[in-house]
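Participant: Need a 3D model of the following:
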Amino acid sequence: MLHAKQRRKKTDIPYVSHLLAVASIVLENGGNEDEAIAALLHDAPEDQGGEATLAQIRLFYGDGVGDIVEGCSDSLVDDTKEEKAPWRERKTVYINHLRKSTDMSVYLVSAADKLHNLRSIARDFTVLGKGVFMKFNGFREGTLWYYRSLATAYRCGPDDSRREPIVDEMRSLIDELERVGTHQGNRKITYGFAFGNEPFDPQALEEAIFGVLVSMGASQRELSEIHFGGMPSEYRGGLYECLRLGDRVAARRGFDGDGKLWEFRNAVHAVLYSFQMENGNLLGRTINAVTEHLKSVAS
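Facilitator: So this is what the prediction gives:
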């Protein structure tokens, strides 16, 4: 069964929930039977077998459904046999492909897919903050670029009033994610010692840490229980909470095969050590280096 064991990115949510949601959005906005079926199958070739799966869809459901599914796919490579193209390259090709399409059904199903993704990101943002973007290959900048570019493509596509409320909601969600993402980092930590000349963003570190914890399998409820305060002792307390959560997740999932827990613990302990030195320059350099390192660990 397609998608039977698949989960939403970095969660335990069955992937079928996304497919049902996309089909629901399509039907709620006037979609027909072929479009609803295509919504249920839109990720099948991309995630579950490439061209061979698309051929099966055409055989069982007809070329009408097959054409929509193909038009919604950014890759038809069977990734069990060969690697897909890099993320940015695939997304750029897909955006250009969509701009050339005249198929209203492709636009409708594709827009419904991306709207549900944005709704999920916005929901998770309330728990993870900008750390929600750490589970995506494009991180924050690339992810928002992709959805903004698609919203523009949908707006400029063939006339179809069914698509308009979907695109309007997409643009509203993108605007909100960009707005809160820009202003969320204004919180400062009162360290009680000199900052030095090395600028740094403690919140970016928090988001990178959350990104690793999400990639390890931490739940949103667990992440919501971690609190970083504004004073040094409170912030260190938040870091220790993250270490303990990492240990719990690793024990729960048997997560030690690729060294991610080891990398995570070393990085967080480096920040804790730099706090003890009470040297603003050292702390800034450490936080900046650890933040970038944890981004790579999370991906």
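Participant: tell me which residues in stretch 237-244 are buried?
Facilitator: Buried positions in stretch 237-244, judged by neighbour count with 16 or more other Cβ atoms under 10 Å: 239, 242, 243. C-beta coordinates here come from the backbone N, C-alpha and C atoms, glycine included.
Participant: can you list contacts of that stretch?
Facilitator: When contacts are taken as Cβ atoms under 8 Å, 6 or more residues apart in numbering, the neighbours of stretch 237-244 outside the stretch itself are 206, 209, 213, 225-229, 265, 268-269, 271-272.
Participant: Show me just the buried residues among those.
Facilitator: Buried positions within the contacts of stretch 237-244, assessed by neighbour count (16+ other Cβ under 10 Å), are 206, 209, 213, 226, 228, 268, 271.
Participant: Tell me where the model's unsure across the stretch 51-200 of the chain.
Facilitator: Filtered on pLDDT under 70, the stretch 51-200 of the chain yields the residue ranges 79-80, 128, 130-131, 135, 181-200.
Participant: Helices of that one, start to end?
Facilitator: Counting by DSSP state H, counting those that start in this stretch, residue ranges of the helices within the stretch 51-200 of the chain are 51-61, 63-71, 87-100, 104-128, 139-156, 164-183.
Participant: could you check the angle helix 63-71 makes with the third one?
Facilitator: Looking back up the chat, that one is helix 87-100. Calculated by axes from the mean of the first three to the mean of the last three Cα atoms, to 10 degrees, helix 87-100 forms an angle of 140 degrees with helix 63-71.
Participant: so how far is helix 87-100 off the chain centroid?
Facilitator: A distance of 18 Å separates the C-alpha centroid of helix 87-100 from that of its chain, computed with Cα atoms, centre = their mean, to the nearest Å.
Participant: Among the buried ones among the contacts of stretch 237-244, which one lies nearest to residue 104?
Facilitator: Proximity of these to residue 104, judged by Cβ to Cβ, is greatest for residue 213, which lies at 41.8 Å.
Participant: Would you check how far apart residue 15 and residue 228 are?
Facilitator: Here the distance between residue 15 and residue 228 works out to 32 Å (Cβ to Cβ, to the nearest Å).
Participant: quick one: contacts for residue 46?
Facilitator: Taking Cβ under 8 Å, 6+ apart as the criterion, residue 46 is in contact with 73, 74, 75, 76.
Participant: Quick check: closest non-adjacent residue to the second one.
Facilitator: Closest residue in space to residue 74, ignoring its immediate chain neighbours: residue 94 at 3.8 Å, by Cβ to Cβ, 6 or more residues apart in numbering.
Participant: again, but for the first one
Facilitator: Nearest in space to residue 73, with sequence neighbours left out and distances taken as Cβ to Cβ, 6+ apart, is residue 46 at 4.7 Å.
Participant: Tell me the confidence at the one you found?
Facilitator: Residue 46 is assigned 86 on the pLDDT scale.
Participant: One more: residue 21?
Facilitator: Predicted confidence (pLDDT) for residue 21: 95.
Participant: okay, now residue 100: neighbour count?
Facilitator: Other residues within reach of residue 100 by the criterion other Cβ atoms under 10 Å amount to 7.
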